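Q: this one's sequence-less:
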Ligand code: URA
């Protein structure tokens, strides 16, 4: 295999053979293909795409780069959900314990922050002591015992994606339908699932902002899942504003805990319930959508879902006292309120600008090695369409120091546009299944 020739081929628009993709991914996982060659190849894929055979070969090679969770003899149905990435998207933190409390096992393998978006693993690790690097054996035992484990790609699971994901994050090669699809599905197919629900984000804060691209991504992932024996459904959800109020790792954990107490923001709860209902329906654990929704609401109102989160935190070495005392989560040294510059209507809250500002504040990675500060971020209770008065609080900035507060204010001045009119676009717009696309909102 002459890698520079493969890169040139792809750069010039030719397809690589499935065996070449397999060899490339094997070589990369084994450290024989260096990051600089893989980066160049990834950039060629961003521009040239992959045909269906290439995509299948890439996904299978990434899946086979590691082991899988195997649940032989375990009776409970297993489902998971994965998001294509957003700002303020802490849905997994609520949904996993809620669904697990309804009798569906959730072996959830997640990623870290990618580009301007946050990642479930980084959020979980803001809980003191929480360990996301479980072995397969630990994850399996935990799923069988308490119904849920929330883990990252250990060296055993899709290790090729683990390295590629970190590489894409810092080389401008995230925004590609085949690369996103292969990345997500290689992890999810390693989980031994009976059903998978995808939250495909659309709007300016999504990696693929256009509705048509989001639908294509959903269909691509559904195709990969269904052919490999994993029934898959996708919902398209709005990412033209942050989801919920909190954006930033520890702040989002706190909001997720509020949600499990029945006090979460309406948009966060609506998306969480919609995705969780789909998970339950996919594995046949409820008679219909209304029944699934009722089971989930009961899991929150009874306190069972919060209790399950406590069990997950304890099982993974974390301090479950954060559930009663969020002050035990990392706290920012400086907090300051950002106020409306004029009377008017919130026309826009640009999620990409909020996400990039979190990176600048230290809450995300700009290089593979960078350590993140879990305490920083924003709480933005305002939503597009809200009428505001000059001087009224719109958001709070959480930073390490005064410079961070300035950075946060600068970002909010650009991200939050006050105009004379504005409105909230529908939150959940499409449901995509193997049989087609249904418009919802
Ligand atoms: N989530 C993933 O796991 N991979 C991507 O490429 C994008 C979002």
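A: In hand now; what should we look at? Just so it is clear, the structure is predicted and the values come from calculations on it, not from any experiment.

Q: Show me what the helix or strand bottoming out on mean pLDDT in the chain is in contact with.
A: Ranked by mean pLDDT, DSSP states H and E, the weakest helix or strand in the chain is helix 159-169, scoring a mean of 91. For helix 159-169, the external contacting residues (C-beta atoms under 8 Å, 6 or more residues apart in numbering) are 25, 28-29, 35, 38-39, 42, 61-62, 65-66, 111-115, 152-153, 155, 173-174, 179, 182-183, 186-187, 365, 368. All C-beta atoms are positioned from the backbone trio N, CA, C, and that covers glycine.

Q: ok, 6 Å please
A: By C-beta atoms under 6 Å, 6 or more residues apart in numbering, the residues outside helix 159-169 that reach it are 25, 29, 35, 62, 65-66, 111, 114, 153, 174, 183, 186-187, 368.

Q: and residue 207, that's in a helix?
A: No: the assignment for residue 207 by DSSP: H, G, I helix; E, B strand; the rest coil gives coil, which leaves it out of any helix.

Q: i'd like the first residue to be 813 from this point on
A: Got it, the first residue is 813 from now on, which makes the last one we talked about residue 1019.

Q: if we can go back for a sec, does the ligand have contacts with the following helix or strand past the least confident helix or strand of the chain?
A: Next helix or strand after helix 971-981 toward the C-terminus (DSSP states H and E): helix 989-1000. Yes: Helix 989-1000 comes into contact with the ligand (C-beta under 6 Å from any ligand atom), by way of 991, 992, 995, 996.

Q: Reformat the residues you listed as TSV; add pLDDT, distance to residue 814 and neighbour count.
A: Conversion of those to TSV gives the following (pLDDT from 0 to 100; distance: C-beta to C-beta, whole Å; neighbours: other C-beta atoms under 10 Å):
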residue	pLDDT	distance to residue 814	neighbour count
991	97	23	22
992	94	28	21
995	94	26	26
996	92	30	26
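
Q: can I see the domain layout of this protein?
A: The record's domain split for the chain, according to automatic domain parsing, is 815-861, 891-1137+1239-1251, 1142-1231.

Q: circling back: the least confident helix or strand of the chain: how far from the chain's middle?
A: 15 Å (C-alpha atoms, centre = their mean, to the nearest Å).

Q: for stretch 849-868, same thing?
A: Using C-alpha atoms, centre = their mean, the offset of stretch 849-868 from its chain centre is 22 Å.

Q: Please see if it touches the ligand.
A: No: if you take C-beta under 6 Å from any ligand atom as the test, stretch 849-868 misses the ligand, and the best it gets is 10.8 Å.

Q: got the end-to-end distance for that stretch?
A: End-to-end distance of stretch 849-868 (C-alpha to C-alpha, to the nearest Å): 21 Å.

Q: Enumerate the positions of that stretch that are buried.
A: For stretch 849-868, the buried set under the neighbour-count rule, 16 or more other C-beta atoms under 10 Å, comprises 849-858, 860-862, 866-868.

Q: how close does residue 1066 sit to residue 1227?
A: Distance, residue 1066 to residue 1227, by C-beta to C-beta, to the nearest Å: 21 Å.

Q: Give me the more crowded residue out of those two.
A: Neighbour totals were compared for residue 1066 and residue 1227, and residue 1227 leads with 25 against 19 (other C-beta atoms under 10 Å).

Q: what's the nearest residue to that one if we skip its chain neighbours?
A: Spatial nearest neighbour of residue 1227, excluding adjacent residues (C-beta to C-beta, 6 or more residues apart in numbering): residue 1165 at 3.8 Å.

Q: next one: residue 1219
A: residue 1172 (5.2 Å).

Q: and what of residue 862?
A: residue 990 (4.0 Å).

Q: is it true that the one you found touches residue 863?
A: No: look at residue 990 against residue 863 with C-beta atoms under 6 Å: they stay out of range, at 9.0 Å.

Q: Tell me which stretches of the stretch 1013-1162 of the chain form strands.
A: Here the stretch 1013-1162 of the chain has its strands, by DSSP state E, counting those that start in this stretch, at 1044-1050, 1058-1059, 1146-1151, 1156-1161.

Q: where does the protein dip in pLDDT?
A: 1180 (pLDDT under 70).

Q: Give the burial count for whatever residue of the stretch 1013-1162 of the chain ends up closest to the ligand, as a bare number.
A: Closest residue of the stretch 1013-1162 of the chain to the ligand, C-beta to the nearest ligand atom: residue 1019 (6.4 Å). Residues contacting residue 1019 under the criterion other C-beta under 10 Å number 24.

Q: separation between it and residue 943?
A: 28 Å.

Q: Near the ligand, which residues of the chain are found?
A: Going by C-beta under 6 Å from any ligand atom, the residues of the chain near the ligand are 896, 897, 923, 926, 977, 986, 991, 992, 995, 996.

Q: what do you get if the cut-off is 8 Å, keeping everything else the same?
A: 894-897, 922-923, 926, 929, 973, 977, 980, 986, 991-992, 995-996, 999, 1019 (C-beta under 8 Å from any ligand atom).

Q: Only whichever of the residues you listed are buried, select them in ChimeraX.
A: Buried subset of the residues of the chain next to the ligand, written as a ChimeraX selection, criterion 16+ other C-beta under 10 Å:
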select :894,895,896,897,922,923,926,929,973,977,980,986,991,992,995,996,999,1019
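
Q: Which residue is it, in the stretch 913-1062 of the chain, that comes closest to the ligand?
A: Counting by C-beta to the nearest ligand atom, the stretch 913-1062 of the chain gets nearest the ligand through residue 995, at 3.5 Å.

Q: OK, contacts around that residue?
A: Counted by C-beta under 6 Å, 6+ apart, residue 995 has contacts 973, 977.

Q: if we can go back for a sec, tell me what angle the least confident helix or strand of the chain forms with helix 989-1000.
A: Calculated by axes from the mean of the first three to the mean of the last three C-alpha atoms, to 10 degrees, helix 971-981 forms an angle of 140 degrees with helix 989-1000.

Q: Between which two of the contacts of helix 971-981 is the distance greatest?
A: The span of these, defined through C-beta to C-beta, is set by 878 and 986 at 21.3 Å.

Q: any residues touching the helix or strand harbouring residue 1226, and which ones?
A: Applying DSSP H and E as the criterion places residue 1226 in helix 1214-1227. By C-beta under 6 Å, 6+ apart, the surrounding residues in contact with helix 1214-1227 are 1146, 1148, 1150, 1161-1162, 1165-1166, 1169, 1172-1173, 1207, 1209, 1211.

Q: cutoff 8 Å now
A: Counting by C-beta under 8 Å, 6+ apart, 1146, 1148, 1150, 1153, 1160-1163, 1165-1166, 1168-1169, 1172-1174, 1188, 1190, 1192, 1206-1207, 1209-1211 sit against helix 1214-1227.
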